[in-house]
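Chemist: attaching a predicted model along with its sequence, questions to come.
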Amino acid sequence: MKKSVIVIGGGIVGLSTAFYLRAEGHEVILLDKGTITEGASFVNAGYLTPSHIVPLAAPGMISKGLKWMLNSSSPFYIKPRLDADLISWGWKFMRSCSKKHVQRSLAAIKEINELSKGLYHEMHASIDFDFHLEDRGVLMAFKTSKAEKSEYSVMQAAQDLGLDVSLLGVEEVNQLQPGVQMNVAGAYHYRCDAHSTPEVFMNQLKQNTFKNGVKIQTETTVKNFQVQGNRISTVVTDRGNFEADEVVFAAGAWTEELLKPLKIALSVQAGKGYRINVEAPTGITLPCILMESKVGVTPMEGFTRFAGTMEIAEINHNIRENRVNAIAHAATQYYSGLKIDLKDRKQAKCGLRPLSPDGLPFIGRHSSCSNLVLATGHSMMGWSLGPATGKLVTEVVSNKKLSMPIDKFSPERKYG
């Protein structure tokens with residue numbers, strides 16, 4: 001049975017959802033408060049990462065967060081504030097930072113990442129797409145034995161799940177990337193990973209989605225909902241009212257506030273990340289995460305991107321110069337001769353990641369409204385998981401067999 005569907009949000013998750021819904025034959029309207037030209041989907045590191053099997057909520061994150069909390073240029077910064085939503089999120093986050101949570105999440109995170117990577121490749125092979133996608137893996141580069149040891153258990157877990165990863169010495173790292181020398185002790189090479197250029201893919205996905213018949217309504221802010229029984233009958237916006245059989249929430253960091261009129265409490269905090277693009281040649285050809293500084297480095301189509309930091313400080317797009325400079329400084333410490341000019345730093349952009357308390361996305365229906373489907377809370381995996389989420393949401397809406405179990409991603413799951 002074909003349905004009419006409203007998708008709220010035009011980031012990688014919302015566009016992917018609209019794309020797959022339309023491919024299934026549903027009538028789709030996508031509403032976005034912006035112009036679908038900026039935000040987290042455009043400024044991320046571009047990684048497709050089956051290797052990222054450990055959720056953000058993991059043992060050790062509480063102590064790190066407390067240590068970094070008062071340092072506004074640290075990799076993980078929470079701006080102190082009296083806010084009920086932040087306090088609730090923080091309590092759930094603390095309950096989730098356990099070995100038990102990590103162990104029960106590993107297989108599900110790996111499975112949805114592999115599903116999504118396969119869908120990226122499927123689109124890449126299609127005549128309708130021509131975007132940058134490389135399967136060269138991702139390096140986890142370290143300077144200290146402490147960082148090496150902390151990643152070793154992750155490598156073992158990844159290998160146990162059948163992922164392709166190995167430990168490299170500094171000479172092997174520099175042989176793989178002869179155009180630049182790295183000042184590191186070594187790196188873990190996750191060959192199972194891939195990378196892309198977000199802007200290129202987002203523009204092509206938007207064009208294909210529109211060309212295939214999805215109605216895209218930009219600069220449209222959702223204000224409220226009309227509910228009949230336990231169903232959303234109308235989505236009320238500043239550009240008119242919209243009706244549909246199903247409503248998909250893919251609004252990222254804005255989801256928690258949007259759901260409040262429906263009296264649905266979903267903990268999602270905005271985690272701001274920054275990126276610097278360097279168009280001058282860098283010699284960098286392999287994606288790399290600089291472990292001690294938590295900076296991602298990606299050779300993209302026409303430039304090299306340096307991205308990182310996690311700043312939880314309400315919803316805003318203010319650029320903190322000290323955080324941009326911290327990314328640039330960290331990169332120059334890992335790559336010999338690398339320079340990131342003031343001009344590049346001045347053109348830094350930011351985006352807001354939707355952080356769930358346990359680091360897992362929210363995918364599926366919510367019992368409060370029978371025609372509401374959630375697709376948000378992807379934390380640092382939004383880019384990697386966009387297509388898989390869109391595919392799974394489409395299967396939920398279409399009442400089809402799911403490509404994988406989604407019980408771990410239930411919007412009504414318990415924490416701890």
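Modeler: Arrived safely, thanks for sending. Numbers count the residues shown, from 1 in each chain.
Chemist: how about the helices in the stretch 251-400 of the chain?
Modeler: Per DSSP state H, counting those that start in this stretch, the stretch 251-400 of the chain carries helices over the ranges 255-259, 321-334, 342-346, 382-397.
Chemist: need the ones you listed in JSON lines (columns: distance to Phe201 and mean pLDDT).
Modeler: Bear in mind the C-beta positions are built from the backbone N, C-alpha and C, glycine included. Formatted as JSON lines, these follow (distance: least, CB to CB, whole Å; pLDDT from 0 to 100):
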{"stretch": "helix 255-259", "distance to Phe201": "23", "mean pLDDT": "96"}
{"stretch": "helix 321-334", "distance to Phe201": "23", "mean pLDDT": "96"}
{"stretch": "helix 342-346", "distance to Phe201": "22", "mean pLDDT": "97"}
{"stretch": "helix 382-397", "distance to Phe201": "9", "mean pLDDT": "98"}
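Chemist: for Asn230, find the nearest of these.
Modeler: Checking the helices of the stretch 251-400 of the chain against Asn230 by CB to CB gives helix 255-259 as the closest, at 14.6 Å.
Chemist: thinking again about what came up before, deepest in the core, which of the helices of the stretch 251-400 of the chain is it.
Modeler: Comparing the helices of the stretch 251-400 of the chain on average neighbours per residue, with mean count of other CB atoms under 10 Å, the densest one is helix 382-397 at a mean of 26.
Chemist: for the chain, which element, helix or strand, carries the lowest mean pLDDT?
Modeler: Lowest by mean pLDDT, DSSP states H and E among the helices and strands of the chain is helix 61-68, with a mean of 67.
Chemist: low-confidence stretches in this structure?
Modeler: Applying pLDDT under 70 to the chain flags residues 63-70.
Chemist: buried stuff in the helix of greatest length in it?
Modeler: Longest helix in the chain, counting residues (DSSP state H): helix 99-125. Within helix 99-125, the residues scored as buried using 16 or more other CB atoms under 10 Å are 101-102, 105-106, 108-120, 123.
Chemist: swap in stretch 78-93?
Modeler: For stretch 78-93, by 16+ other CB under 10 Å, it's 78, 86, 89-90, 92-93.
Chemist: TSV for these, including distance to Gly377 and secondary structure?
Modeler: Shown next, in TSV, are the buried residues of stretch 78-93 (distance: CB to CB, whole Å; DSSP: H, G, I helix; E, B strand; the rest coil):
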residue	distance to Gly377	secondary structure
Ile78	17	strand
Leu86	15	helix
Trp89	11	helix
Gly90	15	helix
Lys92	12	helix
Phe93	12	helix
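Chemist: now do the helix or strand hosting Glu151 against helix 99-125, angle only.
Modeler: In this assignment (DSSP states H and E), Glu151 forms part of helix 145-160. Relative orientation of helix 145-160 versus helix 99-125 (axes from the mean of the first three to the mean of the last three CA atoms, to 10 degrees): 70 degrees.
Chemist: could you dump the buried residues of stretch 78-93 to CSV with distance to Gln226?
Modeler: As requested, the buried residues of stretch 78-93 are exported to CSV (distance: CB to CB, whole Å):
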residue, distance to Gln226
Ile78, 37
Leu86, 30
Trp89, 29
Gly90, 33
Lys92, 30
Phe93, 34
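Chemist: from these, pick the one nearest Arg22.
Modeler: Trp89 (33.6 Å).
Chemist: quick one: contacts for the closest residue to the closest one other than its chain neighbours?
Modeler: Once flanking residues are discounted, Trp89 sits nearest to Ser267: 4.4 Å by CB to CB, 6 or more residues apart in numbering. Ser267 makes contact with 85, 88-89, 92, 256, 356-357, according to CB atoms under 8 Å, 6 or more residues apart in numbering.
Chemist: between those, which sits nearest Gly9?
Modeler: Glu256 (12.9 Å).
Chemist: okay, now the residue nearest to Val397 when sequence neighbours are not counted: neighbour count?
Modeler: With sequence-adjacent residues excluded and distances taken as CB to CB, 6+ apart, Val397 is closest to Glu246, at 5.3 Å. For Glu246, the count of nearby residues is 23 (other CB atoms under 10 Å).
Chemist: can I assume Glu246 is in contact with Lys2?
Modeler: No - here Glu246 does not reach Lys2: they are 11.1 Å apart, not a contact under CB atoms under 8 Å.
Chemist: so for stretch 19-29, what gets flagged as buried?
Modeler: 19-24, 26-29.
Chemist: next one: that stretch to chain centre, how far?
Modeler: For stretch 19-29, the separation from the chain centroid amounts to 23 Å (computed by CA atoms, centre = their mean, to the nearest Å).
Chemist: pull up the distance across it, start to finish.
Modeler: Stretch 19-29 has its terminal residues 11 Å apart, counting by CA to CA, to the nearest Å.
Chemist: run a quick neighbour tally on the nearest residue to Gly416 once chain neighbours are set aside.
Modeler: Nearest non-adjacent residue to Gly416, counting by CB to CB, 6+ apart: Arg95, 3.5 Å away. By the other CB under 10 Å criterion, the neighbourhood of Arg95 contains 15 residues.
Chemist: tell me how far the closest residue to Ile312 other than its chain neighbours lies from Gly271.
Modeler: Sequence neighbours aside, Ile78 is the residue nearest to Ile312 in space, at 4.5 Å (criterion: CB to CB, 6+ apart). From Ile78 across to Gly271, the span is 10 Å (CB to CB, to the nearest Å).
Chemist: also Glu148?
Modeler: Distance from Glu148 to Gly271, by CB to CB: 26 Å.
Chemist: looking at those two now, which is surrounded by more residues?
Modeler: When Glu148 is set against Gly271 and neighbours are counted by other CB under 10 Å, the residue ahead is Gly271, at 23 against 19.
Chemist: list the contacts for the more buried one?
Modeler: Gly271 sits next to 253, 310-312, 352-355, 379-380 when contact means CB under 8 Å, 6+ apart.
Chemist: same question, Asn241
Modeler: Residues near Asn241 by CB under 8 Å, 6+ apart: 226, 234-235.
Chemist: CA atoms only: put stretch 291-304 into PDB for me.
Modeler: Output of stretch 291-304 as PDB, limited to C-alpha atoms (Å, rounded to 0.1, in the frame of the first residue of the first chain):
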ATOM      1  CA  MET A 291      43.800   9.900  18.400                       C
ATOM      2  CA  GLU A 292      45.100  12.100  21.100                       C
ATOM      3  CA  SER A 293      43.500  15.200  19.700                       C
ATOM      4  CA  LYS A 294      40.300  13.600  18.300                       C
ATOM      5  CA  VAL A 295      40.700  15.300  15.000                       C
ATOM      6  CA  GLY A 296      39.600  13.700  11.700                       C
ATOM      7  CA  VAL A 297      41.600  14.300   8.500                       C
ATOM      8  CA  THR A 298      40.100  13.500   5.100                       C
ATOM      9  CA  PRO A 299      41.500  14.000   1.600                       C
ATOM     10  CA  MET A 300      38.400  15.100  -0.300                       C
ATOM     11  CA  GLU A 301      37.600  16.200  -3.800                       C
ATOM     12  CA  GLY A 302      39.800  19.300  -4.300                       C
ATOM     13  CA  PHE A 303      40.800  19.900  -0.700                       C
ATOM     14  CA  THR A 304      41.800  18.300   2.600                       C
END
